[in-house]
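S.K.: quick one, fold the following:
(chains A and B, ligands or ions: 2)
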Amino acid sequence: MYTDKVMDHFTNPRNVGEIADANGVGEVGNAKCGDIMRIYLQVENDIIKDVKFKTFGCGAAIATSSMVTEMVKGKTLDEALKISNQAVADALGGLPPAKMHCSNLAADALHEAIKDYISKKGK
Amino acid sequence: MKRIYFDHSATTPIDRRVAEVVLEHMTEKFGNASSIHSFGREARKAIDEAREKVAALLNAESNEIFFTSGGTEGDNLALKGVAYANRKKGTHIITSAIEHHAVLHTCEYLEKQGFTVTYLPVDEYGMVRVEDVAKAITDKTILISVMFANNEVGTIQPIKEIGKLAREKGVYFHTDAVQAVGNYPIDVKDMNIDLLTLAGHKFHGPKGVGALYIRRGVRVEAIQHGGGHERNMRAGTENVPGIVGLGKAAEIAQSELNSKMAHISALRDRIIGEVMAKIPHTKLNGHPTQRLPGNANFSFHFIEGESLLLNLDLKGIAASSGSACTSGSLDPSHVLLAMGLTHEVAHGSLRVTLGRGNTKEEVDYFLEVLPAIIQRLRDMSPLYGTSAHTKVSNPCSDCHVHAH
Ligand SMILES: Cc1ncc(COP(=O)(O)O)c(C=O)c1O
Ligand SMILES: [Zn+2]
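M.R.: Residues are numbered from 1 along each chain as shown, chains lettered A, B, ... in the order given. Ligands and ions are numbered 1, 2, ... in the order given. Model (predicted):
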């Protein structure tokens, strides 16, 4: 039911973990749903220097989290804000229809992390 | 890679001795049992023998066995059949919150037809309390339906006691014994059971065939109309190969039950003992002792069931989970929630159901690979360890909507 690309990111997730001195952190989902994604950012001069994730969830949740980190590393914040959940799913060669809702929130988590960075910077 | 099958509550492989007689009744003895010629008589005789074997497994009489297409049909026939045949007497039905959907959704349908249904709660081990059944009975109650053993957590219900109570109160008692038949001793007379559903594929028989035991004298209305098959209880040309296979599976189950139970429960006890000892933050779901011989069900905190199943599958191990992602709805298993588990813990459940073909080597391999898989998923989880909790935004507002 999952594409090879999903299984690749699921079995060898990229950028798992935390960034101790992250300057942007975002989390979406809830345990009730069965999917929680947290993204850590290290931003310098509006460029995402480093990104890591932690995810509680199904295969799709883990694969989309991994994929989004790969997609945004080295990108500007503007570029990263343009990435949608759909784009992440597309980059994985698609997700089963049942997974498009709850388990496809990695871009939302990324956007939350960017918002967190911007609001902290503003202070 | 060697594949290991730990999902016998989903279905079992057909015994080769069963497959042989099924094939014979597809190719050579293929007659329609209603025909008067020798082909028909041969098929009729085979059905009669199968009926005796199924009856023997339950300590029932053969004229109390009605063949169906499986567990779902048996549950539908029992509930709707009793409801429609007895609606003049009353319109109240009692069941439990942890039944299979074949019972629950049939009850919901009957509610739309004007019946009232009480869904009894269960305790933390997934067990119905007999006192709760007693309290729920009214003068309008016509049927109590409580499953023999739960398909997810394996808890065996106090069937004999509920049966006794029902008998005293003059209420019919049905039990969905799909998971128990062929895996656990059942005596419908001793246990005061009026109706019992079984399905062949859970004990090495074919899929798509089962039976409903209806004690003599119990009033049930047919729900499928047509020819006069199964003494007007279930119209349609008999599935002779399936029925013969079911009979053979019942015969084998009866003769091998004790050795099978001993073998499987020893493996299960090893799994439960080792998992609980070696993996921290783990909960055993279901009853510590009153459970199906082959069932082990755990919740591993901080992780989600589907990702666990995928990892096990990559190691060649087939199991199942009550997580939402594997149940096809947004909610995790209704059984685990009814037992009081939080959504989070219910999402992290793993069901391992053993069969007679499993070996100690397979169990050891499973015990060897499982801890590392769990640790890897926990290390990836934002719920585990010291990760500080940040503000959570939840963009998916319809997560809380129940799927049914
Ligand atoms: C307890 C229980 N009841 C009913 C059923 C439905 O049986 P079938 O799939 O044969 O229709 C199942 C099957 O999983 C079951 O476990
Ligand atoms: Zn959701």
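S.K.: need the residues of chain B near ligand 1, please.
M.R.: Neighbours of ligand 1 within chain B, by CB under 6 Å from any ligand atom: B:70-72, B:75, B:100, B:102, B:147, B:151, B:176, B:178-179, B:199, B:210. C-beta here means a position set from N, CA and C on the backbone, and glycine is covered the same way.
S.K.: which of the residues you listed sits closest to B:E256?
M.R.: B:Q179 (17.5 Å; CB to CB).
S.K.: re the thing from before, which of the residues of chain B next to ligand 1 fall within helices?
M.R.: B:G71, B:T72, B:D75, B:A102 (DSSP state H).
S.K.: shaky segments in chain A?
M.R.: Low-confidence segments of chain A (pLDDT under 70): A:102.
S.K.: neighbours around the residue of the stretch 51-200 of chain B found nearest ligand 1, how many?
M.R.: At 2.3 Å from ligand 1, B:G71 is the closest residue in the stretch 51-200 of chain B, using CB to the nearest ligand atom. Residues within reach of B:G71, counting by other CB atoms under 10 Å in any protein chain shown, total 26.
S.K.: ok, back up a step: I'd like the ones in helices among the residues of chain B next to ligand 1 as CSV, with pLDDT appended.
M.R.: Shown next, in CSV, are those (pLDDT from 0 to 100):
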residue, pLDDT
B:G71, 98
B:T72, 97
B:D75, 98
B:A102, 97
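S.K.: in what helix or strand does B:V18 lie?
M.R.: In this assignment (DSSP states H and E), B:V18 forms part of helix B:16-27.
S.K.: so which of the residues of chain B next to ligand 1 comes closest to A:I39?
M.R.: Using CB to CB, these come closest to A:I39 at B:N151, 38.1 Å.
S.K.: now the closest one, what are its backbone angles?
M.R.: Note on B:N151: backbone dihedrals following degrees, to the nearest 10 are phi -70, psi -20.
S.K.: what separation do you get for the residue nearest to it when sequence neighbours are not counted and B:K89?
M.R.: Of all residues not flanking B:N151 in the chain, B:Q179 sits nearest, at 4.9 Å (CB to CB, 6 or more residues apart in numbering or on different chains). Applying CB to CB, to the nearest Å, the value for B:Q179 to B:K89 is 30 Å.
S.K.: in terms of neighbours, single out the busier of the two.
M.R.: Using other CB under 10 Å, the more surrounded residue of B:Q179 and B:K89 is B:Q179, with 28 against 15.
S.K.: is it true that the more buried one touches B:T155?
M.R.: No: if you go by CB atoms under 8 Å, B:Q179 and B:T155 don't touch, sitting 10.2 Å apart.
S.K.: need the residues touching each of the two.
M.R.: B:A149 (CB atoms under 8 Å, 6 or more residues apart in numbering or on different chains).
S.K.: which residues touch B:V130?
M.R.: With CB under 8 Å, 6+ apart, B:V130 has these contacts: B:P158, B:E161, B:I162, B:L165.
S.K.: same check, this time on B:R376
M.R.: Listed by CB under 8 Å, 6+ apart, the contact set of B:R376 reads B:N311.
S.K.: the one 5 residues further on too?
M.R.: Contacts for B:S381 were tallied using CB under 8 Å, 6+ apart; they are A:K54, A:T55, A:F56, B:F302, B:I303.
S.K.: what's the answer for B:G71, then?
M.R.: B:H100, B:A102, B:D176, B:V178, B:T197, B:L198, B:A199, B:K202, B:G210.
S.K.: most neighbours, which of the ones in helices among the residues of chain B next to ligand 1?
M.R.: Neighbour max across those (other CB under 10 Å) = B:D75, 30 neighbours.
S.K.: where exactly do the strands run in chain A?
M.R.: A:24-30, A:35-44, A:47-56 (DSSP state E).
S.K.: so what are the sheet partners of the shortest one and their directions?
M.R.: Translated: strand A:24-30. Strand A:24-30 has the following strand partners under DSSP bridges: strand A:35-44 (antiparallel), strand B:392-393 (parallel).
S.K.: the stretch 201-350 of chain B: helices as residue ranges?
M.R.: Taking DSSP state H, counting those that start in this stretch, the helices of the stretch 201-350 of chain B run over residues B:240-278, B:305-314, B:324-327, B:334-338, B:343-347.
S.K.: which of those helices has the lowest mean pLDDT?
M.R.: Between the helices of the stretch 201-350 of chain B, the lowest average pLDDT goes to helix B:324-327, which shows a mean of 66.
S.K.: who touches the lengthiest helix in chain A?
M.R.: If you go by DSSP H, chain A has its longest helix at helix A:106-122. Residues outside helix A:106-122 that contact it (CB under 8 Å, 6+ apart): A:23-29, A:37-41, A:43, A:51, A:53, A:61, A:64-65, A:67-68, A:72, A:77, A:80-81, A:83-85, A:87-88, B:390, B:393, B:395.
S.K.: for B:K29, give its distance to B:T72.
M.R.: Distance check for B:K29 against B:T72: by CB to CB, it reads 28 Å.
S.K.: looking at chain B, which helix or strand does the model trust least?
M.R.: Least confident element among the helices and strands of chain B, by mean pLDDT, DSSP states H and E: strand B:392-393 (a mean of 45).
S.K.: B:H25 reaches B:V244, doesn't it?
M.R.: Yes: using CB under 8 Å, B:H25 is in contact with B:V244, at 4.7 Å.
S.K.: identify the contacts common to the two.
M.R.: Common contacts of B:H25 and B:V244 (CB under 8 Å, 6+ apart): B:A46.
S.K.: more neighbours: which of the two?
M.R.: B:V244 (27 against 23).
S.K.: keep only the contacts of helix A:106-122 that also lie close to ligand 2.
M.R.: Judged by CB under 5 Å from the ion, the overlap between the contacts of helix A:106-122 and the neighbourhood of ligand 2 is nil.
S.K.: give me the buried subset of these.
M.R.: Buried subset of these (neighbour count, 16 or more other CB atoms under 10 Å in any protein chain shown): A:23-29, A:37-41, A:43, A:51, A:53, A:61, A:64-65, A:67-68, A:72, A:77, A:80-81, A:83, A:85, A:88, B:390, B:393.
S.K.: how about the residue lying closest to A:K75 once chain neighbours are set aside, what does it touch?
M.R.: Closest residue to A:K75 apart from its sequence neighbours, by CB to CB, 6+ apart: A:I48 at 5.6 Å. A:I48 is in contact with A:L41, A:Q42, A:V72, A:K73, A:G74, A:K75, A:T76, A:L77, A:A80, counting by CB under 8 Å, 6+ apart.
S.K.: okay, and the beta partners of A:I48?
M.R.: Here A:I48, judged by DSSP bridges, has bridge partners A:V43.
S.K.: and what of the one 4 residues further on?
M.R.: The partner list for A:K52 in beta bridges (DSSP bridges) reads A:Y40.
S.K.: tell me how many other residues crowd B:N232.
M.R.: 11.
S.K.: check the gap between it and chain A for me.
M.R.: B:N232 sits at a distance of 42 Å from chain A (criterion: CB to the nearest CB, to the nearest Å).
S.K.: A strand includes B:H174, no?
M.R.: Yes: counting by DSSP: H, G, I helix; E, B strand; the rest coil, B:H174 is found in a strand.
S.K.: could you find the closest non-adjacent residue to it?
M.R.: B:L195 is the one closest to B:H174 (CB to CB, 6+ apart), at 3.9 Å.
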